[in-house]
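[1] Attaching a predicted model along with its sequence, questions to come.
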Amino acid sequence: MSWYIELGAWPATVTDVMVDGKAVAARQLLTCNSDFTLTWKNNGIPDAANGQIVNGPAPALGWGGAVVPMAVNLLGRGTQLLEGRYRRRDTEVGRWVLPQANASANRWLIHPGAMTGDLWHIAAALCIDPNLRLVAAWNRNNERDNRNARALLSLVGALGVADGRVVSETVAGPADMSVGNDEARVSGSDRVRGGRGVPLVGHTWASTSAMIMRALTGGYSRVRVQAAQDELSGLFDKATAASEHFQQFKAAYDGYSLAWLANLQANTHYVLINMRWVGLHGQNPQHNITQGRYNQIVTRANTVNARRPTQVIKIGIPDVIDPVNCGWAAAAPGVGGPAAAVDIFCDSPAAPPGLANAIWTNKLFQAYFWQQVVARAKAVGATIHLIGGRSGGMDIASFLGIRSASWDRPSAADQHYMRLHWAAPYNSIIRDYEGERLDDGALEYWMLSGDLVPVVDGDPVTGTSVGTLDQYQNDKPAFNALWYPPYA
């Protein structure tokens, strides 16, 4: 048996705080045994106390030795120990501060149009910030570039973003050339010059800050997060209702990809596993589902099942896409039997004709999927949790109200990880390790309805703000920046 505890803040005179010989951070989430030792220095003088958790109908924490200089809150119990350092999500996000305000309304994102993993952040940002404009750069002779960029432009148009806020910067390059970040940074900048005020320019990654600003402005709260989710969901409702292409395929999609929702049961915990698969050498393969990670998630789901009814559902069918490497997924176990599989992208030959292509070209379907999951779960009184590797599919689910957790390897030096970190108001984060292994304690804590975020080196409280056009072109930190500063 292990116990979850949370440290409070400690006075400025207190340093070198440790639990059972391991250094800890203020307000850190911990697991420990029923007996543990807390040590610290007060004005440089060592001190210590022994904590003992007394089990019973109302477990309590008692102390032997000195009076401890910080609160230690008993949160609950589990079976696994946390391997990494974490804070509860609300505690971590509550530490953050907004960057310094900037009054410029001449605000731009520059995006390589072929990169679909960023699509949902961009769409959300353009909806939430009415002064934000987009340059999408791509090679119109590259089939993938052309398809993905046009799908993005179609989506933001369907969500009501005016044509004048979106600039297409295309090149007619070789068919095997894709426009990447560096190329977009150069070609996109030329389209930003002019207009009122100094252009404030960020790359794709900065789009994340619009959703986060919505949750932080006025002080972080779950109410503000819910308001942002409801606002975005309302825009998708209008878009799907107005899209003739979506309506043409809606009934077929409901009957094929959403029929499983009719089987949701009240008071049941559904663990949805995002079966992301981009191949062994695709974009960020470290976020793929693997048999090792899958089995680890199901093992923890079985543990939770002893306390409440639980089912595992696979979202996606990689065994159809890549039977050689993912054949194991076809009969992958759930709780009490094989897990059901949902063909969210209509990859199976059994899918209705035309649906797979419709989903590729019309991104409203993916958002609609998660909207329907939220609505059905609420209607029947079921609990839905989604877990998977960092991906755009996880992003849109969390932006639309699904309780979710992404796995990743935390690093303050990795802007791709930090983008996920700053999105924590919508999403828990579980550490991933070499060998396709997740932090089992964090996984269990999340499944027991706790939300958590890793403590990263340096303990940052805000990201680097985006800069002027000149900074964007010439200053690498501004190019990598993740935050738009708010309006003055």
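    Structure's in. What do you need?
[2] Doesn't residue 241 lie inside a helix?
    Yes. Under the criterion used here (DSSP: H, G, I helix; E, B strand; the rest coil), residue 241 sits inside a helix.
[3] quick one, what contacts it?
    Contacts for residue 241 (Cβ atoms under 8 Å, 6 or more residues apart in numbering) come out as residue 247. Glycine gets a C-beta too; all of them are placed from N, C-alpha and C.
[4] now with 10 Å?
    Going by Cβ atoms under 10 Å, 6 or more residues apart in numbering, residue 241 touches 247, 250.
[5] Do you know the pLDDT at it?
    Looking at residue 241, its pLDDT reads 97.
[6] Tell me, how many residues neighbour the nearest residue to residue 283 once chain neighbours are set aside?
    Among residues not flanking residue 283 along the chain, residue 117 sits closest, at 7.0 Å (Cβ to Cβ, 6 or more residues apart in numbering). Using other Cβ atoms under 10 Å, residue 117 has 18 neighbouring residues.
[7] swap in the one 3 residues further on?
    Summarising burial for residue 120: neighbours were counted as other Cβ under 10 Å, giving 28.
[8] And the helix or strand hosting it, how far out from the chain middle?
    Residue 120 belongs to helix 119-128 when assigned by DSSP states H and E. Relative to the chain's own centre, helix 119-128 is displaced by 14 Å; criterion: Cα atoms, centre = their mean, to the nearest Å.
[9] quick check: mean pLDDT across the helix or strand following it?
    Downstream of helix 119-128, the first helix or strand assigned by DSSP H and E is strand 132-139. Strand 132-139 shows a mean pLDDT of 94.
[10] so where is the stretch 201-350 of the chain shaky, pLDDT-wise?
    Along the stretch 201-350 of the chain, the model assigns pLDDT under 70 to no residue.
[11] Could I get the full set of helices for it?
    208-216, 222-242, 244-257, 291-305, 318-321, 323-326 (DSSP state H, counting those that start in this stretch).
[12] And these: which comes nearest residue 188?
    Closest approach to residue 188 among the helices of the stretch 201-350 of the chain (Cβ to Cβ): helix 208-216, 18.1 Å.
[13] Angles on the backbone of residue 41, please.
    Phi and psi for residue 41, reported as degrees, to the nearest 10, are phi -120, psi 130.
[14] and it, bridged to which residues?
    Applying DSSP bridges to residue 41 gives these bridge partners: residue 15, residue 46.
[15] So it sits against residue 11, correct?
    No. Residue 41 is not in contact with residue 11 according to Cβ atoms under 10 Å; the separation is 11.4 Å.
[16] So which of those two has more stuff around it?
    Neighbour comparison, residue 41 and residue 11: the larger count goes to residue 41, with 14 against 11 (by other Cβ under 10 Å).
[17] In contact with that one, which residues?
    13-18, 47.
[18] among the residues you listed, who's most crowded?
    Among the contacts of residue 41, the one with the most neighbours (other Cβ under 10 Å) is residue 17, at 19 neighbours.
[19] Can you tell me the element that one falls in?
    Going by DSSP H and E, residue 17 is in strand 14-19.
[20] sorry, back to before: can I get the helices of the stretch 201-350 of the chain in TSV including distance to residue 107?
    As requested, those are exported to TSV (distance: least, Cβ to Cβ, whole Å):
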stretch	distance to residue 107
helix 208-216	10
helix 222-242	18
helix 244-257	30
helix 291-305	39
helix 318-321	39
helix 323-326	42
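[21] Mean neighbour count, the ones you listed: which tops it?
    helix 208-216 (a mean of 24; mean count of other Cβ atoms under 10 Å).
[22] bridging residues for the residue lying closest to residue 383 once chain neighbours are set aside?
    Nearest residue to residue 383, sequence neighbours excluded (Cβ to Cβ, 6+ apart): residue 269, at 4.8 Å. Beta-bridge partners of residue 269, counted by DSSP bridges, are residue 310, residue 383.
[23] where does the closest residue in space to residue 60 that isn't next to it in sequence fall, phi/psi-wise?
    Once flanking residues are discounted, residue 60 sits nearest to residue 54: 5.1 Å by Cβ to Cβ, 6+ apart. Main-chain dihedrals, residue 54, degrees, to the nearest 10: phi -100, psi 120.
[24] same thing with the one 5 residues further on?
    Residue 59 has phi and psi values of phi -50, psi 140 when expressed as degrees, to the nearest 10.
[25] Begin at 13 from now on, thanks
    In the new count, where the first residue is 13, that last one comes out as residue 71.
[26] That one reaches residue 15, doesn't it?
    Yes. If you go by Cβ under 10 Å, residue 71 and residue 15 touch, sitting 7.8 Å apart.
[27] between these two, who's got more neighbours?
    A direct count of neighbours by other Cβ under 10 Å for residue 71 and residue 15 places residue 15 higher, at 21 against 13.
[28] Wait, a strand at the more buried one?
    Yes. Counting by three-state DSSP, residue 15 is found in a strand.
[29] And it, how far from residue 312?
    When Cβ to Cβ, to the nearest Å is the yardstick, residue 15 and residue 312 sit 17 Å from each other.
[30] Would you map out the domains in the chain?
    Per the record, the chain has its domains at 14-90, 252-466, by automatic domain parsing.
[31] pretty sure residue 309 contacts residue 449?
    No. Residue 309 lies out of contact with residue 449 (Cβ under 10 Å); the separation is 11.3 Å.
[32] who touches both of these two?
    residue 419.
[33] phi, psi of the nearest residue to residue 187 once chain neighbours are set aside?
    Closest residue to residue 187 in three dimensions, ignoring its sequence neighbours and counting by Cβ to Cβ, 6+ apart: residue 153, at 5.0 Å. Here is the backbone geometry of residue 153 (degrees, to the nearest 10): phi -90, psi -10.
[34] quick one, what contacts residue 153?
    Per Cβ under 10 Å, 6+ apart, neighbours of residue 153: 182-189.
[35] Specify the stretch among the helices of the stretch 213-362 of the chain that is closest to residue 433.
    Across the helices of the stretch 213-362 of the chain, closest to residue 433 is helix 220-228 (Cβ to Cβ), at 9.8 Å.
[36] tell me the angle that closest one makes with helix 234-254.
    Here helix 220-228 runs at an angle of 130 degrees relative to helix 234-254 (axes from the mean of the first three to the mean of the last three Cα atoms, to 10 degrees).
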